[in-house]
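[1] Any chance you could fold what I've pasted below:
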Amino acid sequence: MSGYSLRGLHWFNALSAGASVVEGLPPSLKVADAELGRFIAVVADPDNRFPRARNGEVGLLEGWGLAKAVDDAISADRDNPKKRPIIAIVDVPSQAYGRREEALGIHQALAGAADSYARARLAGHPVIALLVGKAMSGAFLAHGYQANRLIALRDPGVMVHAMGKASAARVTLRSVEELEALAASVPPMAYDIDSYASLGLLWETLSVQQIEQPTAEDLARVVECLKQAISDVTSTDLKGRLGASNRAASSRVRELLRAQW
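    Numbers count the residues shown, from 1 in each chain. The predicted structure follows:
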């Protein structure tokens with residue numbers, strides 16, 4: 001049994017079956033052009049030259065690879081009035097932590113990826129993120145968070161947060177149990193999808209039968225949801241994320257800033 005998740009790889013393979021695979025990228029990056037759009041996934045690579053990025057983390061190679069995969073789509077569709085959708089399959093435990101990553105500028109690599117996704121969205125590409133596993137820390141910011149629409153599968157293994165529970169417990173000087181108790185009353189501190197959805201960031205949540213290895217029925221349901229999400233994209237901004245009750249203060253602050261500006 002591997003120590004890393006295969007969810008992202010399995011969903012990528014299922015959604016991109018028969019599609020044209022994009023070559024010339026790191027083994028930890030899977031990209032394919034299907035009828036629905038360009039699918040992109042970061043997957044585990046046990047032989048990654050950077051040891052800190054062997055379990056599906058987004059590191060230097062992955063950050064710059066994501067930027068290239070998205071930039072190539074932007075360039076290819078520049079003169080096409082109908083921009084291809086870009087679908088990020090998200091199953092990333094964190095960014096890669098290491099001295100080499102810091103020395104070689106992982107902040108720039110991940111910023112490059114986030115920038116490419118943002119520019120794709122602003123150029124008119126419908127950008128959809130499908131959360132099938134962990135969406136943690138800087139990895140999610142680089143791969144998926146800039147999407148027009150965020151879709152999450154309903155499963156305890158699908159979680160979004162700035163850091164893992166053990167790390168968050170150390171930073172806040174609490175035990176994991178104390179952290180979980182606090183999360184029950186403070187949604188931004190929680191890891192479960194329902195708490196994250198209460199922040200207004202998710203467009204849809206879906207239940208599937210086999211999240212680790214999707215069935216034909218699971219695949220059909222997700223594909224239909226992706227099609228609806230793509231059709232629902234009518235603007236290039238992210239203001240639709242501010243509608244939830246737990247974002248009321250954020251909405252009010254933005255209103256006051258606009259009025260003063």
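[2] Phi, psi for residue 54 please.
    The phi and psi values for residue 54, taken as degrees, to the nearest 10, are phi -100, psi -10.
[3] which stretches of the stretch 101-250 of the chain form helices?
    Taking DSSP state H, counting those that start in this stretch, the helices of the stretch 101-250 of the chain run over residues 106-122, 137-142, 165-171, 176-183, 193-197, 216-232, 248-260.
[4] Need those helices in CSV (columns: mean pLDDT and distance to residue 75).
    Where C-beta positions appear, they are placed from N, C-alpha and C, glycine not excepted. As requested, the helices of the stretch 101-250 of the chain are exported to CSV (pLDDT from 0 to 100; distance: least, C-beta to C-beta, whole Å):
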stretch, mean pLDDT, distance to residue 75
helix 106-122, 98, 11
helix 137-142, 95, 20
helix 165-171, 80, 38
helix 176-183, 82, 43
helix 193-197, 85, 33
helix 216-232, 97, 21
helix 248-260, 90, 33
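[5] Quick check: which of the ones you listed has the most neighbours on average?
    The highest average neighbour count among the helices of the stretch 101-250 of the chain, using mean count of other C-beta atoms under 10 Å, belongs to helix 137-142 at a mean of 25.
[6] elements contacting that one?
    Secondary-structure packing of helix 137-142 (3 or more C-beta pairs under 8 Å, 6 or more residues apart in numbering; DSSP states H and E): helix 60-76, strand 86-92, helix 106-122.
[7] what about the second one, average pLDDT?
    Translated: strand 86-92. The average pLDDT for strand 86-92 rounds to 98.
[8] And the contacts of that strand?
    Strand 86-92 is contacted from outside by 5, 7-9, 11-12, 15, 36-43, 56-58, 70, 73, 117, 120, 125-136, 139-140, 143-144, 147, 226, using C-beta atoms under 8 Å, 6 or more residues apart in numbering.
[9] Please apply the same query to stretch 207-219.
    So stretch 207-219 is contacted by 6-7, 10-11, 14-15, 132, 153-155, 157-158, 221-222 (C-beta under 8 Å, 6+ apart).
[10] Redo these as CSV? Include distance to residue 176.
    Output for those, formatted as CSV (distance: C-beta to C-beta, whole Å):
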residue, distance to residue 176
6, 25
7, 23
10, 29
11, 29
14, 33
15, 34
132, 24
153, 24
154, 23
155, 20
157, 17
158, 19
221, 34
222, 32
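[11] Regarding the protein, what is its longest strand?
    Longest strand in the chain by number of residues (criterion: DSSP state E): strand 127-136.
[12] What angle do helix 60-76 and that strand make with each other?
    Taking axes from the mean of the first three to the mean of the last three C-alpha atoms, to 10 degrees, one finds strand 127-136 and helix 60-76 inclined to each other by 170 degrees.
[13] Strand 127-136 - contacts with which helices or strands?
    helix 7-15, strand 86-92, helix 106-122, strand 149-153, strand 159-161, helix 216-232.
[14] what about stretch 78-85, how long is it end to end?
    13 Å (C-alpha to C-alpha, to the nearest Å).
[15] oh sorry, the question was meant for stretch 43-52
    Length of stretch 43-52, first residue to last, C-alpha to C-alpha: 13 Å.
[16] swap in stretch 198-214?
    26 Å.
[17] Likewise for stretch 17-27?
    Stretch 17-27 end-to-end distance (C-alpha to C-alpha) = 18 Å.
[18] quick one: contacts of it?
    So stretch 17-27 is contacted by 30-35, 38-39, 45, 47-48, 61-62, 65, 68-69, 72 (C-beta under 8 Å, 6+ apart).
[19] Give the buried residues for it.
    19, 22, 25, 26 (16 or more other C-beta atoms under 10 Å).
[20] ok, the residue most central in space within the chain to residue 152 distance?
    The residue lying closest to the centre of the chain (C-alpha atoms, centre = their mean) is residue 144, at 2.8 Å. Separation of residue 144 from residue 152 (C-beta to C-beta, to the nearest Å) stands at 10 Å.
[21] Thanks a lot, see you next time.
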